[in-house]
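Colleague: just to be clear, the model below is a prediction. Sequence and coordinates:
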Amino acid sequence: MERLPKWADIVLVPLVSLLLAAIISALVILAIGQDPMEALNVMVTGALGSAYGWGYTLYYTTSFIFTGLAVTIAFHAGLFNIGGEGQAQLGGLGVALACLFLPWPHWSLALIGAAMAAALFGAAWAAIPAYLQARRGSHIVITTIMFNYIAASLMVFMLVDVLRPEGQMDPATASFPEATNLPTLNDLPLFNLVFTKDVPANITFLFALAAAVLVWAILWRTRLGYQIRAFGKPGAAAQYAGINGFRITMIAMPLSGGLAGMMAINNVMGEAERLLQNSASGAGFIGIAVALMGRNHPLGVVLAAVLFGFLFQGGAELGLWTKIPIELRIVVWGLVILFTGALDHMVRMMLARVFALFRNPAAANGAA
Amino acid sequence: MDYATLLQLLDSTLRLGTPLLLACLAGLYSERAGIFDIGLEGKILMAAMSAGAVAALTGSVWIGLMAAIAGAMLFAILHGIASITFRGNQLISGVALNFLASGITVLTAQALFGQGGRTPPLSGEARFNPITLPFAETLKDVPLIGPLYYEVISGHSFLVYLALACVPFTWWLLYRTRFGLRLRAVGENPASVDTAGISVKGLRFAAVMITGVLCGLAGAYMATALQAGFGREMTAGRGYIALAALIFAKWRPWQALGATMLFGFFQALALRPDVVEGVVGQKVPVSMLDALPYVLTVIVLAGFIGKAIPPRAGGEPYVKER
């Protein structure tokens, strides 16, 4: 099979995958008797057409950057972390405990404290499957799925039986104290020139970008990052080079879980300002799509997170203004994961044919 | 806990364990052939929606059952194309198909019926109704065994008995037929099967299709027997619990029956917190009972109750030597 040029592999493969996903989504919309162009129009207007729309898109983007980075760092260590959802929920628990039970004088201190708690809780929730994989050989995919369900039950227990204030009906914590409320983008200098209305996107967005840079630096500019990437490659080379697999697993997975957990400062602390049930609302799973689409590179993850933020917000707009159910966005995520993650060989094979055609028309004709 | 309560619990166990059993056997065929399938959940959901929708439209549960099998088969074929034909990542394909099913089922149900992503409630011929086994009425008054037969074993739908029959059938197929031998071989060492001149791809596709049929039965049971119609996300993780049961059972049919009934029993217990409270002597939060099957799975996976070793070639696409 022809090898693709590097730029095509990095840029074209995800774009073609996205295009295929978009075409099938359009067919799905046609099949349920709606108009795909109208749908696209509503999505673009609602998610990108105004500063207010961007305020929502960037809010979701922030969560997806964290969960996408979480999946990325685990992927590089050869580990498929499907547990982002549970780790993000545990992160929410960490944020809630930090915000409710510690007296914070100012939001900036609260942010640091809550971020540490979120990362710690998320990391701990990932560390158990990591240990079980590294020491007891249980498959990390299955254990992380199980830990998602255990996390969901644990959150129900914590919210219904422990953290729910006396006399309140819905399973949620009390609202966090005023001093822990994070500034949204319309409160920040410079940003408030664009965002004039109150939007959910908050200062965590900047944190997420910083996290992306940090993950890049760890993976490609440190000895640890080199070891993680070497360990993640197939074969035993890393082992012969003296890289301790147990150590790498026990570092990479908690790093991954910590990043997923940090998502909670965006949604729990920055937006809801109390802990609700099912707080991660699927962002942990979307992280898988974001990482695949972003080709497991932090820059790609940020771009893919914007795309999925657009899809998430645009999908919500569809649910509001058209007859297309909001669940369309789940279909789109599924298709993107399918094409970028499972059918990537097919996309590459298609592209290689096209390239062969351009490079050497005679040979291609001869082959045909 | 008295005898009557125990019988009620066992009755619920069989009712709730059946979809797990069907899904677990479905996973067994696929994984024994070397194709990991974490997309059981999606296939069952797809089947449940197809069964609910078609049974509502036609009024016949049997046509609904056919539709359920077709719906699950469609997703099974997609999984086969991604993971066998194009040698894609089987885990990622499963995750993708679960997402796809979760969205497409609601979209379809909404487009067809406009009832918020549900299918209309089914009744009469559009459902699998309980079957009273022979002599159940007459034997009812025999002490101990009579009520057990009447309450627990009799009075389930056709699909429950079919699922139970699938257990010995699967055992026979896997261990007593040529097809079964080849199926197990292709999951352990596909190169040897290939050397013997048997198509690896063909065998694996056959296994994946059987998985589709069984997931179809599981979904049909969910929408037309356990409940009367499809509701969004009605499978509620059963595909994953079945996967856990499969590992617990170490990929063997009889043990799969035991594991799924155990997990079914936990689900039945979670529905009866009063019983648990009576036995334990203090209030146990329902959420903890809900988590029990998953916690148990993790303990099993960690090898504390014997080691579970998956089929050796599982998850790896087979590349023919050139």
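Modeller: Cool, got the structure.
Colleague: and residue A:190, how far is that from chain B?
Modeller: As for residue A:190, its distance to chain B is 38 Å (criterion: C-beta to the nearest C-beta, to the nearest Å). C-beta: built from backbone N, CA, C; applies to glycine.
Colleague: pull up the per-residue confidence for that residue.
Modeller: Looking at residue A:190, its pLDDT is 82.
Colleague: again, but for residue B:155
Modeller: Predicted confidence (pLDDT) for residue B:155: 82.
Colleague: any idea how far it lies from residue B:137?
Modeller: 11 Å (C-beta to C-beta, to the nearest Å).
Colleague: so between those two, which is more surrounded?
Modeller: A count of neighbours by other C-beta atoms under 10 Å in any protein chain shown puts residue B:155 above the other of residue B:155 and residue B:137, at 17 against 11.
Colleague: what's near enough to touch the residue nearest to that one when sequence neighbours are not counted?
Modeller: Nearest residue to residue B:155, sequence neighbours excluded (C-beta to C-beta, 6 or more residues apart in numbering or on different chains): residue B:130, at 4.7 Å. Residue B:130 sits next to B:155, B:156, B:157 when contact means C-beta atoms under 8 Å, 6 or more residues apart in numbering or on different chains.
Colleague: residue B:303 touches residue A:136, doesn't it?
Modeller: Yes. Applying C-beta atoms under 8 Å as the test, residue B:303 and residue A:136 come out as touching, 5.1 Å apart.
Colleague: interface residues of the stretch 1-150 of chain B facing chain A?
Modeller: Counting by C-beta under 8 Å from any C-beta of the partner chain, the stretch 1-150 of chain B comes close to chain A at B:38, B:78, B:82-83, B:86-93, B:95-104, B:106-108, B:110-111, B:117.
Colleague: do that again at 10 Å, thanks
Modeller: Within reach of chain A by C-beta under 10 Å from any C-beta of the partner chain, the stretch 1-150 of chain B has these residues: B:36, B:38, B:41-42, B:78-79, B:81-83, B:85-112, B:114, B:116-117.
Colleague: which of those residues fall in helices?
Modeller: B:41-42, B:78-79, B:90-112 (DSSP state H).
Colleague: and residue 6, how many neighbours?
Modeller: I went with chain A, as the question did not name one. Using other C-beta under 10 Å: residue A:6 sits among 8 other residues.
Colleague: sorry, I should have been clearer: chain B.
Modeller: Neighbour tally, residue B:6, other C-beta under 10 Å: 15.
Colleague: give me the mean pLDDT for the strand or helix carrying it.
Modeller: Residue B:6 is located in helix B:3-32, with elements delineated by DSSP states H and E. Mean pLDDT, helix B:3-32: 93.
Colleague: tell me which residues in that helix are buried?
Modeller: For helix B:3-32, the neighbour count (16 or more other C-beta atoms under 10 Å in any protein chain shown) marks B:8-32 as buried.
Colleague: strands of the stretch 101-250 of chain B, residue ranges please.
Modeller: In the stretch 101-250 of chain B, no strands are found when defined by DSSP state E, counting those that start in this stretch.
Colleague: for residue B:119, see how far away the closest residue to chain A within it is.
Modeller: At 3.2 Å from chain A, residue B:103 is the closest residue in the stretch 101-250 of chain B, using C-beta to the nearest C-beta. Using C-beta to C-beta, we find residue B:103 at a distance of 16 Å from residue B:119.
Colleague: please apply the same query to residue A:159.
Modeller: Counting by C-beta to C-beta, the gap from residue A:159 to residue B:119 is 31 Å.
Colleague: the more surrounded of those two?
Modeller: Taking other C-beta under 10 Å, residue A:159 and residue B:119 do not tie; residue B:119 has more neighbours (27 against 22).
Colleague: how much space separates the residue nearest to that one when sequence neighbours are not counted from chain A?
Modeller: Once flanking residues are discounted, residue B:119 sits nearest to residue B:52: 3.6 Å by C-beta to C-beta, 6+ apart. Residue B:52 sits 16 Å away from chain A, going by C-beta to the nearest C-beta.
Colleague: SS state for residue B:52?
Modeller: helix (DSSP: H, G, I helix; E, B strand; the rest coil).
Colleague: what is the neighbour count of it?
Modeller: Applying other C-beta under 10 Å, I find that residue B:52 has 34 neighbouring residues.
Colleague: wait, it sits on residue B:228?
Modeller: Yes. If you go by C-beta atoms under 10 Å, residue B:52 and residue B:228 touch, sitting 8.7 Å apart.
Colleague: now residue A:140: how far from chain B?
Modeller: Going from residue A:140 to chain B by C-beta to the nearest C-beta gives 10 Å.
Colleague: tell me the contacts of residue A:123?
Modeller: With contacts defined as C-beta atoms under 10 Å, 6 or more residues apart in numbering or on different chains, the neighbours of residue A:123 are A:87, A:90-91, A:94, A:130, A:253-262.
Colleague: just those now: which is nearest residue A:323?
Modeller: Among these, residue A:260 lies closest to residue A:323 (C-beta to C-beta), at 34.6 Å.
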